[in-house]
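S.K.: Can you look at this prediction? I've put the sequence above it.
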Amino acid sequence: MRDQVAATAVALFLERGFDGTTVDDICARADISRSTFFRYFPTKEEALFGRATETGRAWLEALIARPAGEPPWVALRRSLDPRLRELADAGEAIKPLMRLILATPALAAHHREKNAYWQDLLRPEVARRLGADPDDAADPRAEAMVAAALGCLDAALRAWMAGGQELPELLDRAMAVIG
């Protein structure tokens, strides 16, 4: 049911815009009550970003599974392969949603919050791979590396939405500038 409500919300956001869609609109289209909606999602934004925590955990699991001797930057890049496959499988259908996120201030802010969560989640593993103490907040290297990887991912996604190459190649190009 949660996934159905989220899909309904996304369809309405694409049809009417995020600001032009109310929780009542979503409830009416999904044929649910407001209390049911709020049982699944605390906010309208969460109907769109509700899987961000799971996606971040999947990225962390993929990063942990990378070979121990692999350089951290390479491990970060390769650990994104499962996510890139998901996005490629979604194909052109995902691009209008991504454009909506970037063009809507409330959604862009939520996207930045999601990235901050992912950064906090991934930082200890990257620190470990750097040979640093994951609890040492005074060492900026892991934080910088994860932030750079997220920036590269965002840049690659923007380029992908603009057309041209495949997403993995775009991410490789973006990350090669830094790595």
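M.R.: Cool, got the structure.
S.K.: Tell me where this structure has strands.
M.R.: Read by DSSP state E, the chain holds no strands at all.
S.K.: just checking, what's the longest helix in it?
M.R.: When the chain is parsed with DSSP state H, its longest helix is helix 105-130.
S.K.: Just confirm Ile101 contacts Leu107, I think it does.
M.R.: Yes - applying C-beta atoms under 8 Å, one finds Ile101 in contact with Leu107, separated by 4.4 Å. All C-beta spots, glycine's among them, are computed from the backbone N, C-alpha and C.
S.K.: Tell me who's in contact with the residue nearest to the spatial centre of the chain.
M.R.: Most central in the chain under C-alpha atoms, centre = their mean is Ala52, positioned 5.9 Å from the mean C-alpha point. For Ala52, the contacting residues are Lys114, Tyr117, Trp118, by C-beta atoms under 8 Å, 6 or more residues apart in numbering.
S.K.: For Val5, give me its contacts.
M.R.: Counting by C-beta under 8 Å, 6+ apart, Val5 has contacts Ile26, Ala30, Ile32, Thr36, Phe37, Tyr40, Phe41, Ala47.
S.K.: Domain parsing of the protein, as residue ranges.
M.R.: With domains defined by automatic domain parsing, the chain comprises 2-47, 51-178.
S.K.: can you redo the contacts of Val5 as JSON lines with neighbour count?
M.R.: Shown next, in JSON lines, are the contacts of Val5 (neighbours: other C-beta atoms under 10 Å):
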{"residue": "Ile26", "neighbour count": "23"}
{"residue": "Ala30", "neighbour count": "21"}
{"residue": "Ile32", "neighbour count": "17"}
{"residue": "Thr36", "neighbour count": "14"}
{"residue": "Phe37", "neighbour count": "20"}
{"residue": "Tyr40", "neighbour count": "18"}
{"residue": "Phe41", "neighbour count": "20"}
{"residue": "Ala47", "neighbour count": "24"}
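S.K.: Distance-wise, check the spatially closest residue to Ile32 that is not a sequence neighbour relative to Arg39.
M.R.: Excluding the flanking residues, the one nearest Ile32 by C-beta to C-beta, 6 or more residues apart in numbering is Val5, at 6.5 Å. Look at Val5 and Arg39: by C-beta to C-beta, to the nearest Å, they are 10 Å apart.
S.K.: Same question for Ala103.
M.R.: 29 Å.
S.K.: go on, His111?
M.R.: 24 Å.
S.K.: Kindly state the pLDDT recorded for the residue nearest to Ile32?
M.R.: What the model reports as pLDDT for Val5 is 95.
S.K.: Okay, now the unreliable bits of the chain?
M.R.: Applying pLDDT under 70 to the chain flags the ranges 164.
S.K.: Do a quick rundown of the helices in it.
M.R.: Using DSSP H, helices in the chain cover 2-16, 23-30, 34-40, 44-49, 52-65, 72-79, 81-90, 94-103, 105-130, 141-162, 167-178.
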